[in-house]
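Colleague: Dropping the sequence and predicted coords here.
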Amino acid sequence: MGRGAAGARVARELLGKLLVRREGRKLLVGRIVELEVYLGENDPAAHAAVGLTERNRVLFGPPGFAYVYFIYGNHYCLNVSCMPEGRAGSVLFRALEPIAGIPEMQQARGLEAKPGARTQRLLTSGPGRLAEAFGITRVRDNGKDMTNDESDLIIAADGYRPQKILATARIGVTKAADMPLRLFIAGNEFVSVRRL
DNA sequence: ATATCGATTATCT
DNA sequence: GATAATCGATATG
């Protein structure tokens, strides 16, 4: 298996699974419908391309841990590490289909006053949006084990399997911009658009 | 419908 | 000092 294949395989397994946030007795749940693969040190578009730094060290740790970064002075984005310790491949969560805790997500996004299917799509359709809807920040979540039931941010499964997965180039990257490492569930309403 | 642009700061050169 | 794995607002067709 090639260097990028392990990350791509993890990504395909992750599509259709659930991102779950525990807020006290409330649960926020979203189905993972879009993500991007970052290949680690050899991927010019990856944060790990510069080698191990204070910021990206979670990427070089064991798989299943949350890597949260802050971007454009405004937004947090969530990755999960997916390579053995010492290698830095990860998957960026790009879009979720809201499943439960929708009122809480609306409140977190400042969209509670505007109900309707139109705003429903704005809740978690984009990496910055889903992070805001789930209250994800670097201080709160970076380095968290997303495979441990004790965590308040985990990945769970309900048996759903995507019928068809499509791949395109990654969004917003300027280096290695042609690699088809953005994966999404074909036809899902909550996939972010912006390119084919 | 698409295009362009400003916000705002951590991180790296 | 420049850039960035983005978003939302505004302008224009």
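Modeller: Structure's in. What do you need? Numbers count the residues shown, from 1 in each chain, chains lettered A, B, ... in the order given.
Colleague: Going by C-alpha atoms from here, please, whenever you check contacts or count neighbours.
Modeller: Fine.
Colleague: May I have the predicted confidence score for the residue lying closest to A:Q106 once chain neighbours are set aside?
Modeller: Distance criterion CA to CA, 6 or more residues apart in numbering; nearest residue to A:Q106, sequence neighbours excluded, is A:E112 at 4.8 Å. We have a pLDDT of 78 for A:E112.
Colleague: swap in A:F134?
Modeller: Per the predicted model, pLDDT is 98 at A:F134.
Colleague: residues touching it, list them.
Modeller: Contact analysis of A:F134 by CA atoms under 8 Å, 6 or more residues apart in numbering lists A:R21, A:L28, A:M105, A:A108.
Colleague: Now tell me what touches the one helix or strand A:E132 maps to from outside.
Modeller: Using DSSP states H and E, the secondary-structure element containing A:E132 is helix A:127-133. Helix A:127-133 is contacted by residues A:75-78, A:92-96, A:104-109, A:122-124, A:137 when judged by CA under 8 Å, 6+ apart.
Colleague: remind me, longest helix of chain A?
Modeller: The single longest helix within chain A, with elements called by DSSP state H, is helix A:5-14.
Colleague: who are the neighbours of the next helix or strand after that one, in terms of helices and strands?
Modeller: Note on helix A:5-14: by DSSP H and E, the next helix or strand toward the C-terminus is strand A:18-23. Secondary-structure packing of strand A:18-23 (3 or more CA pairs under 8 Å, 6 or more residues apart in numbering; DSSP states H and E): strand A:26-38, strand A:153-156.
Colleague: for the contacts of A:F134, which one is nearest DNA strand C?
Modeller: Within the contacts of A:F134, proximity to DNA strand C (CA to the nearest atom of the strand) peaks at A:A108, which comes in at 10.4 Å.
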